[in-house]
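Engineer: Quick one: sequence plus predicted model below, questions after.
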Amino acid sequence: MIMSDLEHLKPYATPHELRILNEIPRHDTYVAVAKALGLSHRSSISHSLRRLRARAALQGVSPEHDFTHELPEGFRIKRRSDMRENSLGKPVWIISEPTREHLQESLRLFMEALAETVPPTPMTPPPSMVNDELLAVYPLGDPHFGMRAWAREAGENFDLKIADRLTRAAIDRLVSTTLPAEHALLINLGDFFHADDNSARTPEHGNKLDVDGRYDLVLTTGALCMVYCVQRMLERHRRVTIWSLPGNHDPHSALALSLALKMFFHNEPRVDIEVDPSLFRYMRFGKNLIGATHGHGPKIEDLPAIMADTRAEDWGATEHRVWWVGHFHNRKVWEMRGCDIQIARTLASSDAWHAGKGYRAKREVRSVVYHTRHGEWQQQRVSPGMLD
């Protein structure tokens, strides 16, 4: 028999999870439940229940752990204090709280649950002719969706609508001019979002940010823009891989963006979204080894050694190695021992703080095509002036 006392979970269930909860009392095993619901494996049931229990616990409901008081809407458990006796019979307070990793896992599981309820995405027909010896890389440097700038203060106007328009138009132009490589890699180099939540402050140092619109609107607009970019790339390339790296402005929103894209494209076998909170990503393509990081972590001069240490086997088997980095907004290329470092520019304008400090940077986005044996093969460049 399987446990059927799951009524306390129903208020927190997605429609798919609710069907599972209603079906469980009618069967003796998860295998039978899965079969009744048309699922391929019993693990689908256990996984759904695990993420549902974790979500309910964050709202204060987990009877097996004496969590019986539901929190008000909009709140979640931050920490819990329990009075217990130690080995000497003296009372002590035990304080527990969810780890950051647990919260990220809970978010990932919740997005997976939502993905099960999303209707199939219309499939983009694959291109008829591609070159399987080529990889097209589209690095997006610091788009800063949600930043607001006033021309009289910062030199140029910038807001959420401008960021969305420029990014879509830039991808349109790059996709039409980039060689039809079989595989494409879309790299969000971090700081895709200007702010990480409604506080409108940088997460680490609490610096005040000039923002445009509510956080949920910014997050939605940015996610839909990335969906558009992927769909345009699918018209040109047979496979698309997406990396969303955490920046110093958006360490949590980057993960949310990856999860949203994974949910949207969950039934598209031509799209691979890497959901990973790490500051680093790597891909080997023939004789090429490509790394990416936002740039606010280790020193730039340490990146070649980090790549050689982390991907030693790939380092030894490749001839052309490159790091793509954002964060600095100025285009630079360093030929370092064994590896090139490329700093990507951004399409975003300066905000008031950077303009007041005298920082200046040209605005652009590029695509770079790599040949499986010969390394860098083609570059295309787009600036805001080319998109008006």
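Structural biologist: Noted; the coordinates are in hand.

Engineer: next helix or strand past the lowest-mean-pLDDT helix or strand in the chain?
Structural biologist: Every helix and strand of the chain was ranked by mean pLDDT, DSSP states H and E. The lowest is helix 100-115, at a mean of 56. Per DSSP states H and E, the first helix or strand lying C-terminal to helix 100-115 is strand 131-140.

Engineer: which helices and strands sit right next to that following strand?
Structural biologist: Other elements packing on strand 131-140 under the criterion 3 or more C-beta pairs under 8 Å, 6 or more residues apart in numbering; DSSP states H and E are helix 160-177, strand 181-188, helix 215-236, strand 288-293, strand 320-329, strand 339-345, strand 365-371. Just so you know, the C-beta spots here come from the backbone N, C-alpha and C atoms, and that holds for glycine as well.

Engineer: now the longest one and strand 365-371, what's the angle there?
Structural biologist: It stands for helix 215-236. 40 degrees (axes from the mean of the first three to the mean of the last three C-alpha atoms, to 10 degrees).

Engineer: Check which helices and strands helix 215-236 sits against.
Structural biologist: If contacts are counted by 3+ C-beta pairs under 8 Å, 6+ apart, helix 215-236 sits against strand 131-140, helix 160-177, strand 181-188, strand 239-244, helix 251-264.

Engineer: So for it, mean pLDDT?
Structural biologist: For helix 215-236, the mean per-residue pLDDT is 93.

Engineer: buried set for it?
Structural biologist: Judged by neighbour count using 16 or more other C-beta atoms under 10 Å, the buried positions of helix 215-236 are 215, 218-219, 221-223, 225-226, 229-234, 236.

Engineer: And for stretch 13-21?
Structural biologist: 13-14, 16-17, 20-21.

Engineer: With stretch 349-362 instead?
Structural biologist: Result for stretch 349-362 [16+ other C-beta under 10 Å]: buried residues 349-352, 354-355, 361.

Engineer: try stretch 205-216
Structural biologist: Here stretch 205-216 shows 209-213, 215 as buried, counting by 16+ other C-beta under 10 Å.

Engineer: Of the residues you listed, which belong to helices?
Structural biologist: Y215 (DSSP state H).

Engineer: List the residues that contact the closest residue to A169 other than its chain neighbours.
Structural biologist: Excluding its sequence neighbours, the residue lying closest to A169 (C-beta to C-beta, 6 or more residues apart in numbering) is L387, at 4.3 Å. Neighbour list for L387: 165-166, 169-170, 173 [criterion: C-beta atoms under 8 Å, 6 or more residues apart in numbering].

Engineer: show me the contacts for D351.
Structural biologist: When contacts are taken as C-beta under 8 Å, 6+ apart, D351 is in contact with 144, 147-149, 154, 158, 194, 209-210.

Engineer: The nearest residue to P126 once chain neighbours are set aside and R270, how far apart?
Structural biologist: With sequence-adjacent residues excluded and distances taken as C-beta to C-beta, 6+ apart, P126 is closest to R238, at 5.2 Å. From R238 across to R270, the span is 6 Å (C-beta to C-beta, to the nearest Å).

Engineer: Give the residues shared as contacts by these two.
Structural biologist: With C-beta under 8 Å, 6+ apart as the test, R238 and R270 both reach P126.

Engineer: Distance from the helix or strand hosting D272 to the middle of the chain?
Structural biologist: Using DSSP H and E, D272 sits within strand 271-274. Computed by C-alpha atoms, centre = their mean, to the nearest Å, the chain-centroid distance of strand 271-274 equals 10 Å.

Engineer: can you list contacts of the helix or strand just after that strand?
Structural biologist: Once the chain leaves strand 271-274, the next helix or strand it forms, by DSSP H and E, is strand 281-285. Strand 281-285 is contacted by residues 135, 183, 185, 187, 241, 243, 245, 274, 289-293, 307, 310-311, 314, 317-318, 370, 372 when judged by C-beta under 8 Å, 6+ apart.

Engineer: mind showing which ranges of the stretch 101-250 of the chain have poor pLDDT?
Structural biologist: Applying pLDDT under 70 to the stretch 101-250 of the chain flags residues 101-122.
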